[in-house]
Structure formats: C-alpha cells, structure tokens
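**Student:** here is a sequence together with a model predicted from it:
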Protein chains: 2
Amino acid sequence: MPRGSNLPAVAGFNETVVLDQIRRSDDGVSRVELVALTGLSPQTISNVTRKLLQRGLVHETGKLVGGPGAPRTILQLNPVGGFAIGVHIDPVVITCVLLDLEGNLVAHSHLRAPSVAIEDPEEGIAAIAAAVDKLIVSTAVPRDRVIGLGVAVPGPVDAERGRVVKPPLMLPWSEFPLRESLETAIGLPTLMIKDVTAAAVAERWMNAENPSRNFVFFYYGTGVGVGMVLNDEVHNGASGNSGNAGHFRIAQDGPICRCGRRGCFSQAVRPARLVNQAQQLGLLDAAAATTDLHSVFGLFEQLVASAEEGEPRARQLLIGSVEAIGAFIVNVTNLLDVDRIVFGGPYWSTVEKFFHRELQERTRFSEIDNLSHSVNVVSSVVGKDVVAVGAACLVLAGTFSPHSSKLQIAPAAMKVGAR
Amino acid sequence: MPRGSNLPAVAGFNETVVLDQIRRSDDGVSRVELVALTGLSPQTISNVTRKLLQRGLVHETGKLVGGPGAPRTILQLNPVGGFAIGVHIDPVVITCVLLDLEGNLVAHSHLRAPSVAIEDPEEGIAAIAAAVDKLIVSTAVPRDRVIGLGVAVPGPVDAERGRVVKPPLMLPWSEFPLRESLETAIGLPTLMIKDVTAAAVAERWMNAENPSRNFVFFYYGTGVGVGMVLNDEVHNGASGNSGNAGHFRIAQDGPICRCGRRGCFSQAVRPARLVNQAQQLGLLDAAAATTDLHSVFGLFEQLVASAEEGEPRARQLLIGSVEAIGAFIVNVTNLLDVDRIVFGGPYWSTVEKFFHRELQERTRFSEIDNLSHSVNVVSSVVGKDVVAVGAACLVLAGTFSPHSSKLQIAPAAMKVGAR
C-alpha cells in the first residue's frame, strides 16, 4: 500500500486545520472566527496562529471594528510565505512550475526532452535539477521558502519506492530511483504521483470556484489516461496506478495492441497511431519520420488542420476517435456516476475545437444511463502545464489538508517557511 | 446531491466515535483506553459511556485487574442493544433481513416477488411491511430496539427524494414515493441505497477480517452492475447511481440494446439473454416461457448444468460471457486500480463453479496493466442475502461511523435503543 505521510514537520494536525481555514477565507478571518470554524479553544488558536505568523505562512492584514468586544485582527494567507515546485516528466517535454502558497503560478519552464534525458536517467535528473534551479533563481524566491517538490510521471508507478516500472516510452527509467535521485540532486523533499492523477489534483485545486465532487480528467497526451476525483477525494487506487485507460477494451477485434490484446481504446485515439493511419491514407507525407515524438506532434497538428478544413478522410479518421472517446465517456459516467468530464493534456489544445463540437454531437447518453443529473464536458481550467501544476499542488495540499494522508505522499519529512 | 445525515438522534459525534471504538475492540475496552483511543477527556468518556450504557448499546462485561490504579471495567458492545432491518426489492424476490448491532444475521425471509407487488407498488409496500413485521415478531426482538430500515433498490435512483426512476424491470414503481411509503407503513426511519452499492457495503462490513480498501463488487443478477469501495469509502457517485455496468460498451457492433446503442456488456452476460440464445440453439426448450423472471432462473440453471456436463454449445455460450466479464474486469482494474473483484448476486451461486474456473483461465492481465499488485477474484463472503444485508449495514454504519455522512442517508432522524 502506498505510504501516506502528513508532512509532520510542517505543522501538527491543529496547525494544518487552522492554516486551511485561513486559506479558505476570501477576505481573511479573525481568531474569534477561527475558534468557531475549527472548534479549537481560544488558547489553542492563539498558540497556533502565533506559530503560523512566526513562520510567515500567514500575516495580519487589518482590523475589523464593529460588533461587541475589541477590534478583531484579520489573518490572511501570506502567498509568498511558501512555494512549491512541480515537475512533469514526459517523453516529449519536461515541464517545471513554481507555485506560491495560494497556488498562483509564479513561473514555469519547458524543456524539450532531449533524447539523452530519456535514454539516460542520470542526465535527465541533472537536466531537471538545472531547470528547477533556474526557475528559483529567475524568480528570486528565497530557497528556504520552497516547501517541497512534486514530480509527476507516466505510469506504471511504484509509489512506495518512488520509481516508475517499465513506462512504455521511458524504458531506461524503469526501476531507476527517481524520487530519491531528485531529492538528492535538488535538495527538496519530493513527492511522486502518476501524471494523470496529478492532472485531476490540479483541476480540483485550481477550479475551486466551480468545484465538482465527482469528476474525471481525460488526459490526451502521447497516450491517454484519466485522473479521478470521487466523493471529493483524489482517487489514487491500491498502488497509485489508477486511471489506465489506454488498454480499455472497447471492441472485440482490431489490431493487436502492445499489451497483447485486441480492441484497446488507445488504438483508436493515440495521436501517433492516427498519424500513422493518415500516412497510410496519403493524408500526410508517408516519408515523414514518426519515431521521434516531436515529429508526431507536428504531423498530428497537420492532420487536425486538414480535418478542420473539411478534408473528408481526415475528418472521418478523427471522428472515429471522437466516437471512441464518446463511448468511453458514456462507460465511465455509467460506472462512476460523475457529473463532469474535464479534457486536457498536451494534445488537447490541438484538437479541442474539432473534438469538442463532434463530441457533443456524438456522445449519446440514453435514458438508461445515470442521468438524473447532467454531465458537463469541459476543457481544463489549468491549461498545458496541468500535470506539473498538479504535482506542485500535491505539495501544497500536504501543507493545508489534514486529509492529505489520502494522497500519495513520500515518506520524507518536510519543513515549511523560514527556518 | 444526495443528502447526508448523521442519524442525529442516535448520538452526538463523540458518542458515535466512542461507540465505534468499543465495537472495534475484540475483547472490550476500558474507559482509560477509550481516553487514549479517542483523544476525548476522561470526563467526556465518562459521560458518553454512561449514556451508551443507559441506552443498552454497550454493557460492562468484567473488570481488568493489573497495572497501576484501580481495576478497570471492561465495556463491550451489547449485540442485542440494537437491530437493523434490511430489505432488498428485486423483480424476482424480496429479501428481508434482521441484523443485530454487531452485524450478525438474526433472521431472514424471502418473498417470491408476486407480480402484483411489481405491478402495484402499494401492494408491494404492504407485502414488505407484512414480511418485516413477521421477521420482528418471529425473532421476538423488542420493537423499540430496531434502529431503522435500509432498503436497496435497482437503479436508477433519485436518492434525494427516495424514489426509483424508470427501473427497467419495475416500471410501475417509477416515481412512486418508495422510501416515504415504507417509512409510513413500517414506522421505522428508512434509508435508501442502490442495490449494487448495498452489496459493496455488505462485503466491506462483513469481511472485516480480510479487508480491501479498493475493491469492486460484481453483482450478477437479472442485470449486472458493480458496487465499489474506493480508498476505503463506499462510492455512491454524484447522484447515488454509480455502478451501472450493463451498458458498458465492449464492442462496436452486436444487437441493438434497450438503451439504443450496440455492443453493451449486458447483452453478453445477462441471464435472460443467454437463455434466449440457448433456446434459439435448441439447447433449451424453445417453447418455455421467458417472460416470467422465475422461469428464466430455472432455465438458466439448466443451461449451466448442461455446460458443466460438457455440452459443447452450452459451454461455448457461457464462455462468451466469461470472456466478456474477463475483459470487463481488466477494464475496471485498469481504470480504478482495485486489488479485489468480489462476485455475488442471485445468479452467481448457479454459475460460480463454472465461471470461476474459466475466468481464471481467460482473464488476461498484461505487463502494461496496473499489476504492481495481484488482483484477487473471489466470491462474496456474504452469500445470497448480500444486498439486503448491505442495506441493513447502512443503518448500522450510521450508528457507528462519524463518517457516515459520506453514505447516502435519508433525512429522517433516527432513535436508537430503549426509549
């Protein structure tokens, strides 16, 4: 079972509860209100808030005059009291983000994954460490204010040991001590999470204005997968590997997939496969290399542009994908009774317009489905950094939430704020 | 969103916490230990345990001598301090169970669902009320010790209003005020839950010896569906309708299903359909009526017996189902990363031997699936009353768990124990 740790060095349970209440208050909150909100005694609130002020995690932003008693001092989260780093390791691009304590994106960088980084994990770690260092230096964030680092990786993951296990497109990283090496190279406590699950974490954290307690994040990348928030909790699964959708069987025949079975969902939707099919149909230059994932991306953009211009065979090819995605959405909605499907991932922005319109037309729920409520099909509010942002949010979540033990967290202890 | 209620009249939050700790202790627990286990003050524990003793929910079962201080009185759950009724309304049979406070099955009854009960909900309610009354009278359980009633129904459900919405095989019940009518007829606070979810509740509650935090209950009844426990919580979904598996699309063609689509899972596994196919193949008497669900049950038993005796076409027919179930299991495991699949439901015992053997042979996980852990495929520990037991467990869960608000609970207030 994945280990859960409540970031013990950040704060005790009560401090976490108080900090989270302060974060949730739009215009700040007084100590008297915190007593009411948390059920803790005035003495405890006084002690806890003093500690949080000392650490710079919250600050006093004014006084509320009115009502009985003395004026009340308003406490608010200090956005620059702490920062979190998120890293998304993808075979195409390595994304690094720096978030402040409120979850605002302070800076980001994109490193076109050099083949050497994929072929040699040691080189990869060095490249990531350099990118993270650059991010911190360029933003002039005090290093001792960086709480920790979250790293999101393609599955399958070995959550307990902080490794990936035979990820199809990053085989040299299999069994490499990824989390440990990052921790050593960068010097920050490091959490690891599967990429698609990180996307769901980000969407949940960043879309607090319009939350859903039950949604699925459909991640459209080199492969496809889903992250899930169920009953208001991020669903990691028994081993941190939930959300494997690529080998969902949607047909009884079709070409043999890498997994040895037929009818896999990914065969109908994977960009690389669509590009190959388009090449065979003469819709794309058959001589163009597709061994390199960067080239696939470019060819896929051409294919989508062609479909948007109305080329009938290009349209037909993509509509096949849309229909498969529509069937998948119906399946997942029926199974999980979610009320929202969020789309995102690196290839999503390319197909967003085309897929979205066709999906609405072709995703047919029937009376028999779980439709006592509507299902919203939307694009992620977070954008293309979504996975890296989710990995950073995981660090923030550990700082705020007394329930973070349900997230998948590295055993390393973390320290927060000025030390 | 389904309403959650914490059975407010049973006990306050602290009483629930203490009661749950007492329940979890195998050999009872002292007040001193309860202070340590709950974090509550000795004074609070003293007050709470006094109330629980007065209500007969716990009793003192001896004294522990040894260690420093005075001998400690041991508190244990009083199994006969409270009881819960579970009712499973199914188009074929109406099952009623009576559980004691520890979850032991005290008595059960099975009412072959008379067509009139399905065609006329008022008659159905009267029949259920009579069956429940008989159960209570026959066991001589004091009426004021019955905490409440849980009723499990086929979906789709309107959890908030306590109704079913166009259940395919119980259409006359659509929009009938089911929960309210039962509450009035029987005079017990009543909770409603979808049948397949109740099965998962039962399995979780009854298999405490060998728990899984992430499992799927595959319910093989007139239709198929799944109940889910994810991250140690029963997953109800946004509207209490999770677990609809029958219209899971597993193929791109096939006969048109009731839902208007093709390739639905239920077409490959539903007993009534397998019976029809067997009739067409001449494996079963083509003249036998299949409009009546009781007849389908008998014919299905004949078909399975024939396959077990080696009749090649009967085997082939059932193996088609097994393969579909195997593919479904692989899909769900990949999506949710569960480590156990539990099979049960009224038709399961008939096919258990045949399916189980063939499933193990035909459910092929590959290296690409989430198999950093094994997936156990097992039969329910609860047996054929599983759904009714789950509905009763829902009542017990509300009595014990401060987290029961995450279950789907009727707004009615409940009283417990001697009044």
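**Tutor:** That came in fine, so what should we check first?
**Student:** from here on, contacts and neighbour counts on C-alpha atoms
**Tutor:** Fine.
**Student:** hey, where'd the helices end up in the stretch 101-250 of chain A?
**Tutor:** A:115-119, A:121-139, A:178-186, A:195-206 (DSSP state H, counting those that start in this stretch).
**Student:** how big is the angle separating the second one from helix A:178-186?
**Tutor:** Using axes from the mean of the first three to the mean of the last three C-alpha atoms, to 10 degrees, the interaxial angle of helix A:121-139 with respect to helix A:178-186 works out to 50 degrees.
**Student:** can you list contacts of helix A:121-139?
**Tutor:** Here helix A:121-139 makes contact (C-alpha atoms under 8 Å, 6 or more residues apart in numbering or on different chains) with A:85, A:94, A:96-98, A:106-109, A:111, A:116-118, A:142-143, A:172-173, A:176, A:181-182, A:185-186.
**Student:** tell me what A:Leu105 is bridged to.
**Tutor:** Counting by DSSP bridges, A:Leu105 forms beta bridges with A:Leu99.
**Student:** give the buried residues for stretch A:141-150.
**Tutor:** A:141, A:145-150 (16 or more other C-alpha atoms under 10 Å in any protein chain shown).
**Student:** follow-up on the earlier one: could you tell me the least trusted of the helices of the stretch 101-250 of chain A?
**Tutor:** Note on the helices of the stretch 101-250 of chain A: lowest mean pLDDT is at helix A:115-119, with a mean of 75.
**Student:** extract the residue ranges of the stretch 1-150 of chain A that are flagged as low pLDDT.
**Tutor:** Filtered on pLDDT under 70, the stretch 1-150 of chain A yields the residue ranges A:1-12, A:114, A:116.
**Student:** circling back: can you select the buried ones from the contacts of helix A:121-139 in PyMOL?
**Tutor:** In PyMOL, a selection of the buried entries from those looks like this (16+ other C-alpha under 10 Å):
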select buried, chain A and resi 85+94+96+97+98+108+109+117+118+172+173+176+181+182+186
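**Student:** give me the phi and psi angles of A:Ala208.
**Tutor:** Dihedral angles of A:Ala208 (phi, psi; degrees, to the nearest 10) stand at phi -70, psi -20.
**Student:** neighbours of it, how many?
**Tutor:** If you count neighbours by other C-alpha atoms under 10 Å in any protein chain shown, A:Ala208 ends up with 10.
**Student:** ok, now A:Asp120?
**Tutor:** Per other C-alpha under 10 Å, the neighbour tally for A:Asp120 reads 15.
**Student:** and it, how close does it get to chain B?
**Tutor:** Going from A:Asp120 to chain B by C-alpha to the nearest C-alpha, to the nearest Å gives 22 Å.
**Student:** and that residue, how far is that from A:Ala324?
**Tutor:** Computed as C-alpha to C-alpha, to the nearest Å, the A:Asp120 to A:Ala324 distance reads 36 Å.
**Student:** backbone dihedrals for A:Gln43, please?
**Tutor:** Note on A:Gln43: backbone dihedrals following degrees, to the nearest 10 are phi -70, psi -40.
**Student:** count the neighbours of A:Arg72 for me.
**Tutor:** By the criterion of other C-alpha under 10 Å, A:Arg72 has 17 neighbours.
**Student:** do you know the pLDDT at the residue nearest to A:Val165 when sequence neighbours are not counted?
**Tutor:** Among residues not flanking A:Val165 along the chain, A:Ser174 sits closest, at 4.7 Å (C-alpha to C-alpha, 6 or more residues apart in numbering or on different chains). Note on A:Ser174: pLDDT of 91.
**Student:** show me the shaky parts of the stretch 251-400 of chain A.
**Tutor:** A:367-368, A:370-372.
**Student:** and the longest helix belonging to chain A, what does it pack onto?
**Tutor:** Ranked by number of residues, the top helix in chain A under DSSP state H is helix A:312-336. Applying 3 or more C-alpha pairs under 8 Å, 6 or more residues apart in numbering or on different chains; DSSP states H and E, we find helix A:312-336 packed against helix A:265-269, helix A:271-280, helix A:293-308, helix A:348-362.
**Student:** may I have the distance across stretch A:258-272, first residue to last?
**Tutor:** Counting by C-alpha to C-alpha, the terminal residues of stretch A:258-272 are separated by 13 Å.
**Student:** report whether it contacts chain B.
**Tutor:** Yes: contact of stretch A:258-272 with chain B (C-alpha under 8 Å from any C-alpha of the partner chain) involves A:259-260.
**Student:** in that stretch, what counts as buried?
**Tutor:** Neighbour-count burial for stretch A:258-272, counted by 16+ other C-alpha under 10 Å, picks out A:261-272.
**Student:** identify the farthest-apart pair in the residues you listed.
**Tutor:** A:Arg261 and A:Pro271 (19.4 Å; C-alpha to C-alpha).
**Student:** winner for burial among the helices of the stretch 101-250 of chain A?
**Tutor:** Per-stretch averages of neighbours, counted by mean count of other C-alpha atoms under 10 Å in any protein chain shown, single out helix A:195-206 among these, with a mean of 29.
**Student:** can I get that one as PDB, trimmed to CA atoms?
**Tutor:** Extracted in PDB, the C-alpha atoms of helix A:195-206 (Å, rounded to 0.1, in the frame of the first residue of the first chain):
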ATOM      1  CA  ASP A 195       0.700  12.100 -14.300                       C
ATOM      2  CA  VAL A 196      -3.000  11.700 -15.000                       C
ATOM      3  CA  THR A 197      -3.800  11.800 -11.300                       C
ATOM      4  CA  ALA A 198      -1.700  15.000 -10.900                       C
ATOM      5  CA  ALA A 199      -3.900  16.500 -13.600                       C
ATOM      6  CA  ALA A 200      -7.000  15.700 -11.500                       C
ATOM      7  CA  VAL A 201      -5.300  17.200  -8.400                       C
ATOM      8  CA  ALA A 202      -4.600  20.400 -10.400                       C
ATOM      9  CA  GLU A 203      -8.100  20.700 -11.700                       C
ATOM     10  CA  ARG A 204      -9.600  20.200  -8.300                       C
ATOM     11  CA  TRP A 205      -7.300  22.800  -6.700                       C
ATOM     12  CA  MET A 206      -7.400  25.400  -9.400                       C
END
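**Student:** tell me which residue in chain A sits closest to chain B.
**Tutor:** In chain A, the residue found nearest to chain B is A:Ala251; the distance is 3.9 Å by C-alpha to the nearest C-alpha.
**Student:** what sits against that residue?
**Tutor:** Contacts of A:Ala251 (C-alpha under 8 Å, 6+ apart): A:262-264, B:250-252.
**Student:** any idea how far A:Ile186 is from it?
**Tutor:** According to C-alpha to C-alpha, A:Ala251 stands 46 Å off from A:Ile186.
**Student:** swap in A:Glu209?
**Tutor:** From A:Glu209 across to A:Ile186, the span is 34 Å (C-alpha to C-alpha).
**Student:** now do the contacts for A:Arg339.
**Tutor:** I think there's a mix-up here, since residue A:339 is Asp and not Arg. For A:Asp339, the contact set (C-alpha under 8 Å, 6+ apart) comprises A:212, A:214-215, A:333, A:373-376, B:238.
**Student:** inside strands: which ones of the residues you listed?
**Tutor:** Judged by DSSP state E, the contacts of A:Asp339 include A:215, A:376 as members of strands.
**Student:** distance to B:Ala278 added to the contacts of A:Asp339, as CSV?
**Tutor:** Output for the contacts of A:Asp339, formatted as CSV (distance: C-alpha to C-alpha, whole Å):
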residue, distance to B:Ala278
A:Ser212, 46
A:Asn214, 41
A:Phe215, 41
A:Thr333, 32
A:His373, 38
A:Ser374, 39
A:Val375, 38
A:Asn376, 42
B:Ala238, 39
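**Student:** could you identify the pair within the contacts of A:Asp339 that is furthest apart?
**Tutor:** Most distant of these, by C-alpha to C-alpha, are A:Ser212 and A:Thr333, 13.7 Å apart.
**Student:** near chain B, which residues of the stretch 151-300 of chain A show up?
**Tutor:** Taking C-alpha under 8 Å from any C-alpha, the part of the stretch 151-300 of chain A that reaches chain B is made up of A:156, A:158, A:213-214, A:226, A:230-231, A:235-245, A:247-252, A:259-260.
**Student:** perfect, I'm done here.
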